[in-house]
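Student: kindly generate the corresponding structure for this input.
(2 chains)
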Amino acid sequence: MSQCFQVFKSLIRRELRLAIRHGSDSWMVVMFFVLVVILFPLGVGPEPAILTRISSGVIWVAALLSAMLSMDRLFQSDYEDGSLDLLVLIPQPLELLVLAKTIAHWLTTGLPLIIVSPLLALLLNMEASGYGVLLAALGLGTPTLSLVGAIGTALTLGARRSGVLLPLLILPLFIPTLIFGVSAVDAELTGLPSKPQLLILGGLLLAALALCPWASAAALRQASE
Amino acid sequence: MTDFSGKDLTCIRGERVVFARLTFSIREGELLYLQGPNGSGKSTLLRLMAGLLRPVSGELLWNGQNIKEDGEKFRGQLHYVGHQDAVKTALTVEENLNFWAEMSGVKAREHTVRDALNTFSLGHLATLPAKFLSAGQRKRLNLARVCATSAPLWLLDEPSNSLDTESLIQLKRVITAHREKGGMIAVATHDELISDSNTLNISEFTNTKETTLEFQL
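Tutor: Numbers count the residues shown, from 1 in each chain, chains lettered A, B, ... in the order given. Model prediction:
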């Protein structure tokens, strides 16, 4: 058991170290997120009322797209340099390794998105009461995106034009998270309780946590064949 | 006495029979040479032995027990060296090696990792980012990974590729030492690494008309 934990820790540490050494990758995801959000006021016009109305939806959709953009980093480089074969051969459950990689991926891409989101909420004139719920919803929702996205990334390893195939596969699976993420913030802004939506987001996260590593691991074994 | 064997292995890749009814056995201290022309299935057989590929028929036995029964335990017994070197260019030489040592579950002691690096004359490069390594040095780093933690079975796919004469001598020394400790090795290579060894000629099991027909049906 302690060995499991040791391996889990080593893998997360290596992934974080790699992410820090390739620092620009994380920055690019955050910059993409910020830019997409900034495009909206330019596109729909600067009326504060309209921006307030669409703020939570825009932030969520932009977060979804940014998460999408960073997804290919999860297994692609390990697949290309042969590390994936060796990871599959580690005498520990592959599901555990997938979970470690996904957690590291969320820490380096999901977490930065959450950190800059209040700034974007300000930019879109969101009412102050929505900030807390927005952060909570993103905190519960983005790990789900990483977990579900891992399945798609693992499935498209070695596929031609996987960059196009990946969104087609996993964007539909992001829809539940999007719906409840947006409606949690909207509920709070209109004075309704946002707890039910947050609970559902938490439920989705738990379900993804329980199921996704197994699906991703199966897809990885397939890819290493 | 440990032994590793395969019985009646058949492998099909992309609707083509790579080999059929292949049987092999490696015992303690033995080295098995995989011989055959390019594309005859040497790498495929090594991946099959590692459990990365599954045979269409036949079974792989570790001490008489099918490797599927306790995959994790079997994976703990082997080191696999493939065509790719699995080197992360952003990490230093030592970090690369440390990572794989930790992942094999052996508590990586600093000196074992150091020793492994020195075995392949990489000690002086320990703190260098791996992106500055040449192809041969990367290969040596990948081979050092095998020495850093102990496992009885080594599966080496063209380990001598891009190695210079001196590294080749080091590799031979490492292989001999591993066999003396009772280790088992299966190796696909075009270099004569060790002369007193069993040879498995894969082309004997490939593309025979009979087997192709049989598996088409």
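Student: CA atoms for contacts and neighbours, from now on please.
Tutor: Fine.
Student: now for the host helix or strand of A:Leu113, which elements pack on it?
Tutor: According to DSSP states H and E, A:Leu113 maps onto helix A:111-123. Using 3 or more CA pairs under 8 Å, 6 or more residues apart in numbering or on different chains; DSSP states H and E, the elements in contact with helix A:111-123 are helix A:23-44, helix A:48-70, helix A:131-155.
Student: mind running it again at 7 Å?
Tutor: Packed against helix A:111-123 by the contact rule (3 or more CA pairs under 7 Å, 6 or more residues apart in numbering or on different chains; DSSP states H and E) you find helix A:131-155.
Student: could you tell me the angle between the helix it packs on and helix A:111-123?
Tutor: Counting by axes from the mean of the first three to the mean of the last three CA atoms, to 10 degrees, helix A:131-155 points 140 degrees away from the direction of helix A:111-123.
Student: can you list the low-confidence ranges for chain A?
Tutor: Applying pLDDT under 70 to chain A flags residues A:1.
Student: show me what from it comes close to chain B.
Tutor: A:3, A:7, A:10, A:18, A:21, A:81-83, A:89-92, A:224-225 (CA under 7 Å from any CA of the partner chain).
Student: of the residues you listed, just the buried ones, PyMOL syntax please.
Tutor: PyMOL command restricting those to the buried ones, with burial defined by 16 or more other CA atoms under 10 Å in any protein chain shown:
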select buried, chain A and resi 7+10+81+82+83+89+90+91+92+224
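Student: chain center to stretch B:184-197: distance?
Tutor: Put simply, stretch B:184-197 sits 11 Å off its chain's centre (CA atoms, centre = their mean, to the nearest Å).
Student: now do stretch A:20-40
Tutor: With CA atoms, centre = their mean, you get 13 Å for stretch A:20-40.
Student: CA atoms only: put that stretch into CSV for me.
Tutor: Once non-C-alpha atoms are left out, stretch A:20-40 reads as follows in CSV (Å, rounded to 0.1, in the frame of the first residue of the first chain):
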residue,chain,number,x,y,z
ILE,A,20,7.3,23.8,-14.6
ARG,A,21,10.2,23.1,-17.0
HIS,A,22,7.8,23.5,-19.9
GLY,A,23,6.2,26.5,-18.2
SER,A,24,5.0,28.1,-21.4
ASP,A,25,2.4,25.3,-21.9
SER,A,26,0.4,26.2,-18.8
TRP,A,27,0.7,29.9,-19.7
MET,A,28,-0.6,29.4,-23.1
VAL,A,29,-3.8,27.6,-21.8
VAL,A,30,-4.4,30.5,-19.4
MET,A,31,-3.8,33.1,-22.1
PHE,A,32,-6.2,31.3,-24.4
PHE,A,33,-8.8,31.3,-21.7
VAL,A,34,-8.4,35.1,-21.1
LEU,A,35,-8.4,35.9,-24.8
VAL,A,36,-11.5,33.9,-25.6
VAL,A,37,-13.4,35.7,-22.8
ILE,A,38,-12.1,39.1,-24.0
LEU,A,39,-13.5,38.4,-27.5
PHE,A,40,-17.0,38.4,-26.2
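Student: list the buried residues for that stretch?
Tutor: Buried-residue list, stretch A:20-40, by 16+ other CA under 10 Å: A:25-26, A:29-30, A:32-34, A:36-38, A:40.
Student: select the longest helix from chain B.
Tutor: In chain B, ranked by residue count with DSSP state H as the criterion, the top helix is helix B:165-180.
Student: what does it contact?
Tutor: The contact list for helix B:165-180, computed with CA atoms under 7 Å, 6 or more residues apart in numbering or on different chains, reads B:29-30, B:120, B:160, B:193.
Student: can you put the residues you listed in JSON lines and add neighbour count and distance to chain A?
Tutor: Below are the contacts of helix B:165-180 laid out as JSON lines (neighbours: other CA atoms under 10 Å in any protein chain shown; distance: CA to the nearest CA, whole Å):
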{"residue": "B:Gly29", "neighbour count": "20", "distance to chain A": "23"}
{"residue": "B:Glu30", "neighbour count": "21", "distance to chain A": "22"}
{"residue": "B:Phe120", "neighbour count": "23", "distance to chain A": "20"}
{"residue": "B:Ser160", "neighbour count": "24", "distance to chain A": "17"}
{"residue": "B:Leu193", "neighbour count": "20", "distance to chain A": "24"}
